[in-house]
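Peer 1: here is the input, now give the coordinates:
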Amino acid sequence: MVKMASSSSPTSSPVTVTVSSSGAFQGVGLTSPVRRFSGSNNQNSPISNRGLRGSSSGGRYLSMSKDNTEECVAYTVHIPPTPDRQAISDSQTGHPLGCYIKDTIYTGGFNSGTRAHVVENSVSESEAVKSDLLCGMKGCDEKTMDGTCDCGFKVCKDCYLECIGNQGYCPGCREPYMGASDGETTDPGSEEEKDQPHPLPRGKRGVKIEKNFSLVQSFKAPNHDFDHTRWLFETKGTYGYGNAVWPKDGYEFGREENPPEFNERRNRPLSRKVGVSAAILSPYRLLIFLRLAALACFLTWRVSHPNHEAMWLWIMSVVCEVWFALSWVLDQLPKLCPVNRVTDLYVLKERFEPSSLNLCNPKGLSDLPGVDIFVSTADPDKEPPLVTANTILSILAVDYPVEKLACYVSDDGGSLVTFEALAEAASFARIWVPFCRKHKIEPRNPEAYFGLKRDPLKNKVKLDFVRERRCVKREYDEFKVRINALPVSIRRRSDAFNAHAELRAKKKQMEMGKNSFEPVKIAKATWMSDGSHWPGTWSSAEEGHSRGDHEGIIQIMLVPPNSEPVFGTDADGGKLIDTTDVDTRLPMLVYVSREKRPNFDHNKKAGAMNALVRTSAIMSNGSFILNLDCDHYIYNSLALREGMCFMLDRGGDKICYVQFPQRFEGIDPNDRYANHNTVFFDVSMRALDGLQGPMYVGTGCVFRRIALYGFSPPRATEHHGWFGGRKIKFSLTRRRKEAKNEDNDEMILPINHHDTNDDDEFIKALIPQKFGNSTSLIDSIAVAEFGGRLLHELRGKDSQGRPAGSLAVQREPLDASALAEAISVITCFYEDKTEWGKRVGWIYGSVTEDVVTGYRMHNRGWRSVYCVTKPDAFRGTAPINLTDRLNQVLRWATGSVEIFFSRNNALFATRRMKFLQRIAYFNVGMYPFTSIFLLTYCFLPAFSLFSGKFIVQSLSATFLVFLLAITLTLSMLAILEIRWSGITLHDWWRNEQFWLIGGTSAHLAAVFQGLLKVIAGVDISFTLTSKSAVPEDGDDEFAELYEFRFTILMIPPITIILVNMTAIAVGVFRTLYSPFPQWSKLLGGVFFSFWVLAHLYPFAKGLMGRRGKIPTIVYLWSTLLCIVISLLALYIYPPSGRQQDFMTFQFP
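Peer 2: Okay, the predicted model is just below:
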């Protein structure tokens, strides 16, 4: 750049000549103190006509201006380019004048020079370019010095000394100063601007391909290849447009403020199957077949090598071993395909509860289907009302749309204590439920929550939590006192009302002139708090008010809520907690006690559940049903959403129920009697989930309502050939059309409304002979089926879906007619001449109605799913007392025997059930019969020791090798099961121990009871299992564990223990004093006897009670059995002399 200035006189204005390359102004010579006008104000000036512009042909312009007090004249001289002075393009420098006019602040005054200060430009504009004669540091306009850095970044002397004094780095290239040169300067601001990527333009009619890429211009290394990686590291580079990176500016596609959703999460599956690792499953399957081969070889060797010295011992042992092998095969084969499942709750929320409003859901209501929750109880003495109330509170606080929930409590005992406990729970729920929603309390059972050992303040951020928790805890303590006082208060109230009624009766008798001393007969009624008779069971068990003879009762404790949220008030408004931002609505809560009359078979729990099905169909008609026992509460508030992930996912229309594992609290740490039952819930049930689905186990199960109604799935699969290897998939509707003339009572829902025949079939399926004469109940079935459909985009072949937002509607209000209809369907005679209990609802005829109900659904082609959540979905209590535990196992085993001798035996299953699933159900009916062979085998070691013989003629190497192979494969299988199921070795061993305890006691009794019922028709009655009450402060939590209540089921295990202990003593002494001791046979007998005693150790420990205090009855039975066994042993196998002398008896 060349700068020339001259002045003719002090008064004349100076003339400044500026030579610039193609319009690039690096500086302006504003040095005159005389007032002047801007050149842009002159219309003839080239500046106003944008004459000072860059030329594309190169060259330079010489701009001269002459100023005086009146005018401003600008001259522009073009200088052609030379080889030494090449032109600089516009793209490198930008427009000079525009930058100065827009981004320059002018300062000056009288007798002072006018200076131009360049300010930093905005992001959207190019930054001003400084002159080479000025310092390149921002904010400094001093003259530069030569020879600062090779990069060309020039600074003034002061800035150079400052940089040297700090770190010695050049501000331009960030390298240490090495020397000075006359290189070309480059402003750092312009260099940074040039290194920025070029955004994609906003084209209206499309974008050229070459403009869709990031462009950069760099002159730092003009003689080297461009390093793209370094550029991305040193600058704010962009990779373009896509789902990996989406820039913040320069949108071209759609012009949205936010990047588009390339793969919306709401379109992902709600659940997925996670298989067990092949590194575990493959060896597991291999070991199963290896052990099967080892068992086959062992049994073949045993049959071919009889013990001629003790044939009776050999025959019994071989028969038992063959049965054990068969039982093991039936139990192990269904475990070949274990699976795990996971859900995505976020997708469920996005799909059915979108945050944004749309035309399908203008009010933003939830599109999730309705769920009816059933809670069953029968006896307030054995099932404490406080336990039931806590279960109800956990249900009312569950995380699910309030307007889609309804809770029904079945009180099969018709007790006023349960009724008023439910009313107290409904009142306390108005405090407890908002508290849980506000502070996200887990678990939402107040007794479980306040009894947690962990810090309650963890992860709590609201300042009022401590105060509100203290208030709610105080209210809950008062609630517990009221619940516990209900039996006493009801009795006192009833006594007072009865005494008043008796006085009125006597007064009336005296008014009639009768003898006042004649006793007055009045009914000892049970009174409600409003002064009316309780229509249910009275404590005096009067006629019409006993457990088996009372009216049907339906009471709505909490009315159905509105569809829109209702927010509360602050704590100053008389409330204990601040609920200004909390939805205070509560789900509908209904008390139901079905009618009972003499000479009617009420079918126990199955009949009560069917009554709830009919009642709920009329009152709320949820498409899905969750049933819980009164002692099983919701531990995970998201449990219902977990279940809906399977029901509403693709293929979910073929799922009849989702079974959750049962988890228990209040069990002793050692789990003496295997109450957790983890081997069944974590091994067997996971394995069945890989087949057609787990069994229904009575509680913690979400049902599809139409599956309970006995309808078949829309699609099914038949398994033909050996082991079901050939599969035939078909649509039941099409097959129904093809076989419409055949006698087929299969109920099929309408799949295609365009076919008129489907409607005829639907009406035919809903005749009163199947569901009764309630038209409201029949009409509700189609509504429930529609609510359980999948969305249109997720429906399967030949299935009918529903549009999104179709369930985001308000529930119809209840009226008196609906309540009257609901009472009519719980009468004791409603099920007469209907299919209830035969095909519809819970199935009757077995004490294990849960297994039979699940079997019928699987037999129709439905499948089920096993849902294991973290944390646990539900938790309950289990009997830790030995007597209660044995009675519970007895009831289960008796139901299995009933299944074996009924048409529900898996041998008669249809081809819609998978082969391995059929084996699993067959094993359910077979396992109690193992007790006969197990009891025999437990006595064989004792018989061996008494007789001096063994099950084999000699302990050969072949026998020991087979025994070792069978034992090792069993142990390795156990280890692999522990690996893929997540249980512990302690759980597995406790299960093995109680398998022998239950097999020699409860299972054996179940076989005899089942045979009596099948052969002689003797009905089986069971007492309700007592539920553990909430322990008081200071009480032993496991006090029930040490209670001893004698039962006849204990006699066989006691006998086995005493016989084996006596046999070990007899065997040892016999061998020690024998002239020809046979130590090998002694070791074999002692080893098997210890094997039996090790399995019975928990049972023996339970007999001792607390601190080894053995009850007297145990001493009596033990002494009697020891004497009898010893005499029999001495009589059969005398120690010396001739056996004939001991077989004769002579009087002295």
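Peer 1: low pLDDT regions in the stretch 701-850 of the chain?
Peer 2: The model of the stretch 701-850 of the chain has pLDDT under 70 over residues 733-745, 749-766, 796, 798.
Peer 1: where do the helices sit along it?
Peer 2: 705-708, 732-738, 756-765, 768-771, 775-787, 816-824, 849-859 (DSSP state H, counting those that start in this stretch).
Peer 1: just checking, residue 726 touches residue 719?
Peer 2: Yes. Using Cβ atoms under 8 Å, residue 726 makes contact with residue 719 at a distance of 7.2 Å. All C-beta spots, glycine's among them, are computed from the backbone N, C-alpha and C.
Peer 1: who's more crowded, these two?
Peer 2: Neighbours per residue, other Cβ atoms under 10 Å: of residue 726 and residue 719, the larger number sits with residue 719, 19 against 10.
Peer 1: residue 920 versus that one, what's the distance?
Peer 2: Distance, residue 719 to residue 920, using Cβ to Cβ, to the nearest Å: 14 Å.
Peer 1: you'd agree residue 273 is in a helix?
Peer 2: No. Per DSSP: H, G, I helix; E, B strand; the rest coil, residue 273 lies outside any helix segment and is strand.
Peer 1: what separates the spatially most central residue of the chain from residue 1098, distance-wise?
Peer 2: By Cα atoms, centre = their mean, the chain has its centre lying nearest to residue 869, at 3.6 Å. According to Cβ to Cβ, residue 869 and residue 1098 sit 30 Å apart.
Peer 1: from residue 972, how far out is residue 679?
Peer 2: On the measure of Cβ to Cβ, residue 679 and residue 972 end up 16 Å apart.
Peer 1: these two: which has the busier surroundings?
Peer 2: Neighbour count, other Cβ under 10 Å: between residue 679 and residue 972, residue 679 has more, with 23 against 15.
Peer 1: any idea what sits nearest that one, other than its immediate chain neighbours?
Peer 2: Nearest residue to residue 679, sequence neighbours excluded (Cβ to Cβ, 6 or more residues apart in numbering): residue 991, at 4.1 Å.
Peer 1: just the mean pLDDT for the helix or strand where the one you found lies, thanks.
Peer 2: Element membership of residue 991, judged by DSSP states H and E, is helix 985-999. Average pLDDT, helix 985-999: 92.
Peer 1: what helices or strands is that helix leaning on?
Peer 2: Contacts defined by 3 or more Cβ pairs under 8 Å, 6 or more residues apart in numbering; DSSP states H and E place helix 985-999 against helix 678-679, helix 882-900, helix 930-947, helix 957-981, helix 1079-1095, helix 1097-1103.
Peer 1: between the ones you listed, which gets nearest to residue 1062?
Peer 2: helix 930-947 (7.4 Å; Cβ to Cβ).
Peer 1: relative to helix 1079-1095, how tilted is the closest one?
Peer 2: Angle of helix 930-947 versus helix 1079-1095, following axes from the mean of the first three to the mean of the last three Cα atoms, to 10 degrees, is 140 degrees.
Peer 1: can you start the count at 38 instead of 1 from here on
Peer 2: Right, with 38 as the first residue, what we last looked at is helix 967-984.
Peer 1: now helix 967-984 - C-alpha only, CSV.
Peer 2: As requested, the backbone C-alpha atoms of helix 967-984 are provided in CSV (Å, rounded to 0.1, in the frame of the first residue of the first chain):
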residue,chain,number,x,y,z
THR,A,967,-43.2,-89.0,43.3
SER,A,968,-43.8,-89.0,47.1
ILE,A,969,-44.7,-92.7,47.1
PHE,A,970,-41.3,-93.6,45.7
LEU,A,971,-39.5,-90.9,47.6
LEU,A,972,-40.8,-92.2,50.9
THR,A,973,-39.8,-95.8,50.0
TYR,A,974,-36.3,-94.7,48.9
CYS,A,975,-35.8,-92.8,52.2
PHE,A,976,-36.3,-96.0,54.1
LEU,A,977,-34.0,-98.1,51.9
PRO,A,978,-30.8,-97.0,53.6
ALA,A,979,-32.2,-98.0,57.0
PHE,A,980,-33.4,-101.4,55.6
SER,A,981,-29.9,-101.9,54.2
LEU,A,982,-28.2,-101.2,57.5
PHE,A,983,-30.7,-103.4,59.5
SER,A,984,-30.2,-106.3,57.1
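Peer 1: what's the angle from it to helix 919-937?
Peer 2: 120 degrees.
Peer 1: now tell me what touches helix 967-984 from outside.
Peer 2: 347, 350, 353-354, 356-357, 360-361, 364, 987-988, 1033, 1036-1037, 1040-1041, 1043-1044, 1089, 1093, 1096-1097, 1099-1101, 1103-1104, 1107, 1118-1119, 1121-1123, 1125-1126, 1128-1129, 1166, 1169-1170 (Cβ atoms under 8 Å, 6 or more residues apart in numbering).
Peer 1: let's go with 6 Å and repeat that
Peer 2: Identification of contacts with helix 967-984 by Cβ atoms under 6 Å, 6 or more residues apart in numbering yields 353-354, 357, 360, 364, 987, 1036-1037, 1040-1041, 1093, 1096-1097, 1100, 1103-1104, 1122, 1125-1126, 1129, 1166, 1170.
Peer 1: report the contact partners of residue 213.
Peer 2: 205, 206.
Peer 1: what pairs with it across the strands?
Peer 2: residue 206 (DSSP bridges).
Peer 1: so how far is residue 857 from it?
Peer 2: Counting by Cβ to Cβ, the gap from residue 213 to residue 857 is 96 Å.
Peer 1: cool, and residue 624?
Peer 2: 23 Å.
Peer 1: contacts only, for residue 391.
Peer 2: If a contact means Cβ under 6 Å, 6+ apart, then residue 391 has no contacts.
Peer 1: got phi/psi on it?
Peer 2: Reported as degrees, to the nearest 10, the phi and psi values for residue 391 are phi -70, psi 150.
Peer 1: residue ranges with poor pLDDT in the stretch 588-737 of the chain?
Peer 2: In the stretch 588-737 of the chain, residues with pLDDT under 70: 608-611.
Peer 1: swap in 50 and give it another go.
Peer 2: Judged by pLDDT under 50, the stretch 588-737 of the chain has no weakly predicted residues.
Peer 1: mind giving me the domain split of the chain?
Peer 2: Here the domain parsing of the chain from the TED database is 172-206, 315-374+953-1141, 405-532+559-769+795-915.
Peer 1: most tightly packed of those?
Peer 2: Ranked by mean neighbour count under mean count of other Cβ atoms under 10 Å, the domains of the chain are led by domain 405-532+559-769+795-915, which reaches a mean of 20.
Peer 1: quick one: the helices in the stretch 538-687 of the chain?
Peer 2: For the stretch 538-687 of the chain, helices defined by DSSP H, counting those that start in this stretch occupy the ranges 641-656, 676-684.
Peer 1: which non-adjacent residue is nearest residue 949?
Peer 2: Of all residues not flanking residue 949 in the chain, residue 898 sits nearest, at 4.0 Å (Cβ to Cβ, 6+ apart).
Peer 1: quick one, what contacts the one you found?
Peer 2: 750, 753, 949.
Peer 1: what do you get for residue 472?
Peer 2: Counting by Cβ under 6 Å, 6+ apart, residue 472 makes contact with 509, 614.
Peer 1: what pLDDT is listed against it?
Peer 2: pLDDT, read off for residue 472, is 93.
Peer 1: that one: which element?
Peer 2: helix 453-476.
Peer 1: with residue 962 instead?
Peer 2: Secondary-structure assignment from DSSP H and E places residue 962 in helix 952-963.
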